[in-house]
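Q: sequence plus the predicted model coming up.
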Amino acid sequence: MCRYYAHRHSCNHTQLSFAAFCAPAALLQNPCGSRHIWQTLAVEEACEDCRGGDGGGRYHDLPGLRR
């Protein structure tokens, strides 16, 4: 499983950012389909969607993380 950081915003939406490849994916330099949350980081601001931004970003519904 490739590793990701989960950024939990004050609005409880969570966004992922890539952190590291797993061993099989490292050879291809392409993330595999499985995600492992390496660390969850609290963000004091609401996400871009909740702030009314138009950056096109969307939150991710992740098992075990509340919206």
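A: Here it is on my side, so go on.

Q: rest of the way, CA atoms for contacts and neighbours
A: Fine.

Q: can you find the helix or strand in this protein with the smallest mean pLDDT?
A: helix 48-51 (a mean of 85; mean pLDDT, DSSP states H and E).

Q: what packs against that helix?
A: Contacting helix 48-51 under the criterion 3 or more Cα pairs under 8 Å, 6 or more residues apart in numbering; DSSP states H and E is no other helix or strand.

Q: beta partners of residue 17?
A: residue 5 (DSSP bridges).

Q: hmm, it is touching residue 6, no?
A: Yes: the pair residue 17 / residue 6 is scored as a contact, 6.6 Å apart, by Cα atoms under 8 Å.

Q: between these two, which is the more surrounded one?
A: residue 6 (24 against 11; other Cα atoms under 10 Å).

Q: how close does that one sit to residue 31?
A: In this structure, residue 6 and residue 31 are 16 Å apart, going by Cα to Cα, to the nearest Å.

Q: low pLDDT regions in this protein?
A: 53-67 (pLDDT under 70).
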